[in-house]
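*Asks:* quick one, what's the 3D model for this:
(chains A and B)
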Amino acid sequence: MRVAGRDVLATLARWTGNLALAEDAVQDASVRALLTWPRDGIPDTPVAWLRTTARRCAVDQIRREAARGPKELLATGPAVDVVLAEADPGPEVVEDDLLRLVFTCCHPSLGPGTRVALALRTLCGLGTEEVARALLVSEPAMAKRLTRARQKIRLAGIPYRVPSEDDLPERWDTVLATTYLMFNEGYAATAGPELTRPALVAEALRLARLLRRLRPGDPGATGLLALILLQDSRRAARTDADGAAVLLADQDRSRWDRAAIAEAVPLVGEGLRLSPAHPDPYVVQAAIAACHALAPSWADTDWTAIESWYEVLLRVDDGPVVRLNHAVAVAEARGPQAGLALVDAIEGLGDYPLWHASRAALLRRLDRPEEAAAADDEARRLPLNAVQRDLLDR
Amino acid sequence: MTQYAAMIYSRDVDWTLPEYAAETAEYGAFAEAAGAVIRGGAALYPTSTATTVRVEAKGGTPLTTDGPYAETKEALTGFYLLECADLDEAVKVAATIPGAWDGAVEVRPVIEFPM
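*Replies:* Alright, predicted model coming up:
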């Protein structure tokens, strides 16, 4: 039902050119389905039924607003006869409509947080109260945020269109980044009592699958799906029975999701074949995650391979956090002294708790306990979710 | 088609001075290149020439103050009215306004009240 609603919404958004109107119409149609299907039985083609009903709801809505005066007519936009004249789309057109909707919801003129909220609402088909709960915002605040976003899409003229060839790479990057932000918000919750928010992770995974289906030969979509599968494969082992975080080194690897790993590893290979000269950053990150996923233990991890992958990643996506992870891999491959030198050389991570925590761990291994304790204090000073704080305290 | 105001926030200077001739020529080149979508616009003298008017209540005595005295380095120095198919096109045009690299350009849809 959620998938059907999403597909119908994508088409209706194109027909009406008005996301808010399309959402209301799909909502009305879904309510009617809930009322009539149990009584009359599920129709032979539920999606077509839903689309026809939603189209009627949209047309009713446009007529109602038109009757209220010229100002409302202007606010709605589409003409009834235009919406009525649109032909029912075949499956390929629905895919195109979904891709258009993806680009609209992830438009760079919307803020990153708004993109995630809008993607959850429209592309994942969550209700407003579910989006609010997933993002730890009150329902009225979320409703207001979504309304403002829909209004901007309509009034500022954010198009329902797959961008031109020139703009496509950059715009697709924004789409992938929005999906990864959604995943990360669920995987390493920055606020709240829990380390992870599984509902958000599940939605991000679903969205990543959709993106790969919509652009099958795209290395970024392939790499992102692999990366999300691999990181999430560790979910069950990331917290202990009391909900406290467990570091990668100490995780019970028998609790890792082998099916997810088995699905992801071939995707890494495929992603590399799709971007051989200039590997996509998501593919490289997935390759690193795959090295961990395939290692029998922390000690038996191929750290030299991981170090090399981080060097590739630094070439395609240099940044302080990548440098920190590279330094940690170097510490494992070549010893804590080499790692610490690299950690200390990174600038701009003074507000990043894991930079201080990594320094502390390496200093401790080098038998420099006072400096290690000072670095731990620095890490604790910075904002963390409750579970991460617990981990630092142990 | 939607009309957009492209409001230019840049250095708060007198653009008529000869030392800004190169910048002014750049704006001229922009106006020519984007002529097909430009529906209007104006360049403004610096905020030091501005007068802010307030009236306590409708019909009351106007209270004027000298300039807005913005604390920021950038001020509204001009605007264009653009007519574009959508925001993507408007942003593309706005990115070629010299103010975009000499400050920032704010792109906002214009309200079209029904006649």
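
*Asks:* what does chain B put close to chain A?
*Replies:* B:2, B:4, B:84-88, B:90-91, B:107-109, B:112, B:114 (CB under 8 Å from any CB of the partner chain). Quick note: C-beta positions are derived from backbone N, CA and C, even for glycine.

*Asks:* just the residues you listed: which are in helices?
*Replies:* Using DSSP state H, the subset of those located in helices is B:Leu87, B:Asp88, B:Ala90, B:Val91.

*Asks:* and the two most separated of those?
*Replies:* Farthest-apart pair in these is B:Asp88 and B:Ala90; separation 7.3 Å (CB to CB).

*Asks:* returning to that earlier point: who wins for most neighbours among the ones in helices among the residues of chain B next to chain A?
*Replies:* Of all these, B:Ala90 has the most neighbours under the rule other CB atoms under 10 Å in any protein chain shown, reaching 25 neighbours.

*Asks:* counting neighbours, what do you get for residue 14?
*Replies:* Because you didn't say which chain, this covers chain A. 19.

*Asks:* sorry, I should have been clearer: chain B.
*Replies:* That count, for B:Asp14 with other CB under 10 Å as the rule, works out to 11.

*Asks:* buried stuff in the longest helix along chain B?
*Replies:* When chain B is parsed with DSSP H, its longest helix is helix B:21-33. Residues B:Glu23, B:Glu26, B:Tyr27, B:Phe30 are the ones in helix B:21-33 that count as buried (16 or more other CB atoms under 10 Å in any protein chain shown).

*Asks:* which other helices and strands contact that helix?
*Replies:* For helix B:21-33, the elements it packs on are strand B:38-43, judged by 3 or more CB pairs under 8 Å, 6 or more residues apart in numbering or on different chains; DSSP states H and E.

*Asks:* so for the strand it packs on, mean pLDDT?
*Replies:* Strand B:38-43 carries an average pLDDT of 97.

*Asks:* can you show me the CA trace of the next helix or strand after it as PDB?
*Replies:* Using DSSP states H and E, the next helix or strand after strand B:38-43 towards the C-terminus is strand B:51-55. Written as PDB, here are the backbone C-alpha positions of strand B:51-55 (Å, rounded to 0.1, in the frame of the first residue of the first chain):
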ATOM      1  CA  THR B  51      16.500  57.300   4.200                       C
ATOM      2  CA  THR B  52      14.400  54.900   6.300                       C
ATOM      3  CA  VAL B  53      10.800  56.000   6.800                       C
ATOM      4  CA  ARG B  54       8.600  54.700   9.600                       C
ATOM      5  CA  VAL B  55       5.100  55.800  10.700                       C
END
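
*Asks:* direction included, what does strand B:51-55 pair against?
*Replies:* strand B:62-66 (antiparallel) (DSSP bridges).

*Asks:* buried residues, the helix or strand hosting A:Asp376. List them.
*Replies:* Here A:Asp376 is covered by helix A:369-381, with elements defined by DSSP H and E. Of all the residues in helix A:369-381, those buried under the rule 16+ other CB under 10 Å are A:Ala372, A:Ala375, A:Asp376, A:Glu378, A:Ala379.

*Asks:* out of these, which comes closest to chain B?
*Replies:* Nearest to chain B, judged by CB to the nearest CB, of the buried residues of helix A:369-381 is A:Glu378 at 34.0 Å.

*Asks:* wait, the closest one sits on A:Tyr352?
*Replies:* No. Applying CB atoms under 8 Å, one finds A:Glu378 not in contact with A:Tyr352, separated by 10.2 Å.

*Asks:* okay, now the unreliable bits of chain B?
*Replies:* B:70-71, B:115 (pLDDT under 70).
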